[in-house]
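**Student:** Requesting a structural model of the entry that follows:
(2 chains)
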Amino acid sequence: MADIPRVACQVMWNRLLSVVEEQARALVRTAFSTSVREAGDLSAGVYDAEGRMLAQAVTGTPGHVNAMADAVPHFIRRIGRDNIFDGDVYITNDPWEGTGHLHDFTVVTPSFHAGACVGFFACTAHVVDIGGRGFGADANSVYEEGLYVPIMKFADRGTIDATLVRIILANVREPDLLIGDIHALASCNEIGHRRLVGMMREFGLADLAGIAEFILTHSRSATLDRIAALPRGESTGAMRIDGYSRPIDLRVRLSVAEDHVLCDFAGTSGVDEKGINVPLVYTKAYACYALKCAIAPEIPNNAASLAPFRIVAPENSIVNAVHPAPVALRHVIGHMIPDTVFDALDKILPDTVPAEGAGSLCNFQLSLRPRSGGRAGEDAGRAEVLMFNSGGSGARPALDGMNATAFPSGVMTMPVEATEQVGPVIVWRKELRPDSGGAGVFRGGLGQFIDVGAREGHEFDIQAMFDRVDHPARGRRGGQPGASTTIARSDGVPMRGKGKQFVPDGHRVIMGFPGGAGYGEARDREPERVRRDLALGYITADAARTVYGLAEDDIAATLARARKGEIF
Amino acid sequence: MPRDIVRAGVDIGGTFTDVVLERGDSRVSAKVLTTHAAPEDAIMEGLRKVCTRLAIDPGEIRQIIHGTTLATNALIERRGAKTALVTTQGFRDVIEMRTESRFEQYDLNLVLPEPLLPRNRRYTVAERLDARGKVLVPLERAEIVDLAAELRDAAYESVAIGFLHSYVNGVHEQRVREVFAEHLPGVMLSLSSEVSPQMREYERFNTTVANAYIKPLMKTYLDRLAGRLQAAGVACPILLMHSGGGLILLESAAEFPVRLVESGPAGGAVFAADIAARHGLDKVLSFDMGGTTAKICLIRDQTPKTGRVFEVARSYRFKKGSGMSISIPVIDMVEIGAGGGSIAHVDGMNQIRVGPESAGSDPGPACYGRGGNRPAVTDADLLLGRLDPDGFAGGSITLDRGASVSAMQNGLGDRLGMGAAEAAWGLSEVVDENMANAARVHAVENGEDLSDYTMIAFGGAAPLHAARLCEKLGIDRCLVPRGAGVGSAIGFLRAPFSFEANRSLFMKLSAFDSARAAAFFEGLEDEATRFVRSCAGDAEILIEHRVYMRYSGQGWEIPVRLTPGQARVPDASVYLKLFEDGYARLFGRSVQGAEAEIAVWSVNAFTRTAAAQPEAAVALASALETEGMRPLFDPAAGRVRDAGIHARNRFGTGEHVSGPAVITEEETTIVLPVDGYAVALADGCIDMRKFPAGTEGKHG
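**Tutor:** Numbering: from 1, shown residues only, chains lettered A, B, ... in the order given. As a prediction, this is how the structure comes out:
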């Protein structure tokens, strides 16, 4: 470090952050699955020769944060130092050494400069199918969840392993999309590598040791400063959620020490028999994310800035499931971890964290096919269609929650038009759900309605992945809960929040996604805000009257002004 | 086009309207205050001034090229018409739900931007097409007639119509237009299938809503302008600079005013690119600061960076995703509310905040003496010694120092316990930091490091702030071109006549139809050249053919450039090879076994722009004597220094001065800091550089 000027170090740190952003952008541009190219369910990072993460792209997935930081050392160990060559590309979808389920592929590429391996690039993306039962909750072990590719070489010195490719292609429902995505993952590492080598030439670096030390030292001390400024102490947090067939209790004990914060999930429910279990790596990611948001939001993620956040959980709890537990939907439980951590953090750092929100993304996957036993029409076809959607976020200490906005995940929804280009699916409705935001001085964010069906002549299975059917988001400081998840068939047949369910030709699935909870007592909400909510249809006249106590003539006048298109 | 033809460039900014008249090598310009109530007034006054100075009759003008930030400012300041959106049932909230993501992952108190139209101005009707454009739910005329009555009752002036999948088939949108034309006469309509016929409903609807929102304002303005010019005897074609740096006819600009978003700044980028070419600069940061906003654009290899989506009005530290997405071809730049007229206030945490609200031209900053009483950037510039109260805008406005002092004291100083001078320093530092931050973010988003860039500064306020901005960004060199105060207007005259005709039509290479492809290109070429011919007379027209290709299943295409021969005799194997080579160049490797397809066919016709004359390096000649001294505040040191005053028009080639100094001209003032020197280049550019470390003041 001594021989690199400080200003150059600053520039290079910034440069590495922009290199990984570019790496991530290249992945979006070249990917095939809508989960990657439209929704941004991916991540990208650069590592030094020891496998320490130096910079990570800020993408939609905090769930990859620690997972990515931990992954590259696994690759170095499994592949073997002596077996790493220029032109190699490594791959895995191991839930425990990658990012938590078989649907995430992680690709790692060694970066060679002047004949030496100077670092690594890694990236991860959620692919649309990996065979097995399909993306859903119903498996009883990871063996049922699809093809399992252990850490291995995808390309050896530039030559792609044709045998591996054939095995992958033969085991998945959308082979063209998957192989295209794997190529995209390899390509984006290549882009990162080129930019890194360009930077090393520009600054005359032979290796990354100096700049790595600079980045890690500064990140560590900045993070420790933030932790040192916190009040010392311990607190506990808990949240009960739906689970698959029985409720799950998430429990955390938070302790703030001088040089670290410890989250211990002892007391949390045990492993479930269905595929909603969470490998520890994913638990670490979301617990860490929650703490970083509240404590050190602006310090970039890398090996050193993450290290002071220590996350532990008992083995065989649902947040530390070990092989061969089924883990496909680890996100449903994993996305609830921040609200659990916030419950504890609120007792140490009041007026900082939001009320509970929808938590997990409201995702579903459809397997569409021509209807059985009838004429399907000439252009009928099969397709796997994955949709990411969001409920409302929790109200903040001084702000309403955000409507239909992902938190803690940050992925994007896919445009409906892009989704409908993929297969014979029709999204009939996707809009805000009135009265779903929990009432309070500050209102929870609204959830949304989605109605979905197939084009005529098709039937489909829906893999539901929803929580908060029985356990809506809870308010803070007297705020009211958000609305629960609802799901039913268009003919009124009830449906379950999780699991694969059949929908015959001509029927639709009608869903209401949950709202965030409120903050503070509803009766203390400013009347101007209540009127605005009413005018915009965020709340109904009934709610304005009964929940917020708005007078009848006030309601009538407000609605009349709203009909005239007035601004509130 | 003959060289002695008379052409006018006209740029309306938020504060000033610039008019440039060019005949051969002679060029004159005028800067007049923008007349917001009737922007054409300022144009007519400016034209009268420049015609008088070149001694020509307005009837001799053969071409007027016009750009304006009126459209952008109306969007940023939310001053558009009362507008409704009519959309597909079940999709009322597309423009509000956006992508459902957060543009800043770690901020628990994030505030998402409000949609342009609130929910009670968004209406839905029963109708639906599928992804191939087939009707699933027919549109009922009766429902549209009823809706028209409802919209009439609410007195909307403009309506955006955006239905799902209308980029494939616009039939339902057209049907609504027919009914509305009958039942809502006088209400302006914008169809998403015409404004932005591209897949992805959020961007398309938002672009259409933005078009509708500013259409009444822009269309009536352009119609009045055409009338006024005609009345004044100007009978020539009027062309508009569009967001992508090319030109379109006034009629289509009035129909699609969203394409004028950033047109003034696009002219500025074209201007900076021309200067960059003349000076052989490959890495340029163009910095254009006017009365209302500052624009920052990266120019690599003398070509402004372009994009297909632009974000207007970023609300959160200029962060990507915090503004409104508009999908039009654009010169990619960041724009922030930081101009000479930007007003400062003190926020709840006792921090000085500047902009985006602007005093504009009326009342203008306090020092204009037109009734403004809140402190603006120009007031700070005056108090810090950067502006001469008697020499502003060529002496046409005498600045009132006393008014600046009291605005600064009342608006900032009293709240902060500061004197007016210190408050002015704070204001100036905040606005410079805002701009530096925007530039850094933009550079990072583009993976660029600014330290080896050269700044080209223009626009009325830029030369006052350029040196400080360079200090903050670590940039060592800054060029201030001649005509810096009217750069965009000059840029309009440098823009090529160009037209890109394109069509979306998927064709897999496995089902490639060569004859159809050839016919496609022929039709597009005809459309594109016809347009350029109508503007450019018998000038040589160049043609570029492109297909945008991808592997089937991908969501984004890459452009594949074709030779005229490859376009006339299309061959699938040639196209595949070009695509795979291009793909491997961009992304490292092609995808074995995946099928390639063409998504968009495009023909661009354009005239050749006059090759920029390279400027030779100059030898340092003598140092200029000062014409006087005045106190100038040094923001880096936090104290006043005595600065030399120099008139720009007295610089001969190679003559130079050392900082601290002010170099004055009619349209602006260049501020030179203590550790810098400035040399006049042969083309009149002022070349500001830093003294090598440790040699300050020894030079000259």
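**Student:** Output the lowest mean pLDDT helix or strand found in chain B.
**Tutor:** Lowest on mean pLDDT, DSSP states H and E among the helices and strands of chain B sits strand B:306-307, with a mean of 76.
**Student:** From the chain's centre, how far out is that strand? Work that out for me.
**Tutor:** The chain centre lies 12 Å from the centre of strand B:306-307; the measure is CA atoms, centre = their mean, to the nearest Å.
**Student:** What helices and strands are in contact with it?
**Tutor:** Contacts defined by 3 or more CB pairs under 8 Å, 6 or more residues apart in numbering or on different chains; DSSP states H and E place strand B:306-307 against strand B:330-331. C-beta here means a position set from N, CA and C on the backbone, and glycine is covered the same way.
**Student:** Compute the mean per-residue pLDDT across the helix or strand that the strand it packs on is followed by, please.
**Tutor:** The first helix or strand that comes after strand B:330-331 along the chain, using DSSP states H and E, is strand B:333-336. The pLDDT scores in strand B:333-336 average 84.
**Student:** So for strand B:333-336, what gets flagged as buried?
**Tutor:** B:333-336 (16 or more other CB atoms under 10 Å in any protein chain shown).
**Student:** I'd like to check which residues are in contact with the residue in the stretch 551-700 of chain B that chain A sits nearest to.
**Tutor:** Across the stretch 551-700 of chain B, no residue is closer to chain A than B:Gly588, which sits at 3.2 Å (CB to the nearest CB). B:Gly588 makes contact with A:186-187, A:190-191, A:194, according to CB atoms under 8 Å, 6 or more residues apart in numbering or on different chains.
**Student:** per-domain residue ranges of chain B.
**Tutor:** Split into domains by automatic domain parsing, chain B comes to B:6-75+B:220-255, B:79-217, B:498-607, B:629-690.
**Student:** start to end distance for the first one?
**Tutor:** In other words, domain B:6-75+B:220-255. Domain B:6-75+B:220-255 has an end-to-end distance of 28 Å (criterion: CA to CA, to the nearest Å).
**Student:** Quick one: mean pLDDT for it?
**Tutor:** 91.
**Student:** Distance from the chain centre to that domain, please.
**Tutor:** Mean C-alpha position of domain B:6-75+B:220-255 versus that of the full chain (CA atoms, centre = their mean) differs by 16 Å.
**Student:** Show the subsequent helix or strand relative to the least confident helix or strand of chain B.
**Tutor:** strand B:310-312.
**Student:** wait, which of the buried residues of strand B:333-336 is closest to B:Arg608?
**Tutor:** Of all the buried residues of strand B:333-336, B:Arg608 sits closest to B:Met333, with 24.8 Å by CB to CB.
**Student:** How about that closest one, nearest residue that isn't a chain neighbour?
**Tutor:** Closest residue to B:Met333 apart from its sequence neighbours, by CB to CB, 6 or more residues apart in numbering or on different chains: B:Cys297 at 3.7 Å.
**Student:** sec struct for that neighbour, please.
**Tutor:** What DSSP: H, G, I helix; E, B strand; the rest coil gives for B:Cys297 is strand.
**Student:** swap in B:Val532?
**Tutor:** Look at B:Val532: counting by three-state DSSP, its state is helix.
**Student:** so what's it closest to, chain neighbours aside?
**Tutor:** Excluding the flanking residues, the one nearest B:Val532 by CB to CB, 6+ apart is B:Ala605, at 4.6 Å.
**Student:** go on, B:Val569?
**Tutor:** Nearest to B:Val569 is B:Ala518, by CB to CB, 6+ apart, at 7.0 Å.
**Student:** re the thing from before, give me the sheet partners of the least confident helix or strand of chain B and which way each runs.
**Tutor:** strand B:330-331 (antiparallel) (DSSP bridges).
**Student:** How far does the strand it pairs with sit from its chain's centre?
**Tutor:** Using CA atoms, centre = their mean, the offset of strand B:330-331 from its chain centre is 8 Å.
**Student:** Show me what it is in contact with.
**Tutor:** With contact meaning CB under 8 Å, 6+ apart, strand B:330-331 is reached by B:243-245, B:261-262, B:265-266, B:269-270, B:297, B:304-310.
**Student:** could you pull out the strands for the stretch 51-200 of chain A?
**Tutor:** With DSSP state E, counting those that start in this stretch as the criterion, the stretch 51-200 of chain A has strands at A:53-56, A:89-92, A:104-113, A:116-126, A:152-156, A:159-160.
**Student:** Chain B is nearest to which of the ones you listed?
**Tutor:** Between the strands of the stretch 51-200 of chain A, strand A:159-160 lies closest to chain B; by CB to the nearest CB that is 7.4 Å.
**Student:** List the neighbouring strands of that closest one plus their orientation.
**Tutor:** According to DSSP bridges, strand A:159-160 forms sheet pairs with strand A:152-156 (antiparallel).
**Student:** Now do the strand it pairs with against strand A:104-113, angle only.
**Tutor:** 50 degrees (axes from the mean of the first three to the mean of the last three CA atoms, to 10 degrees).
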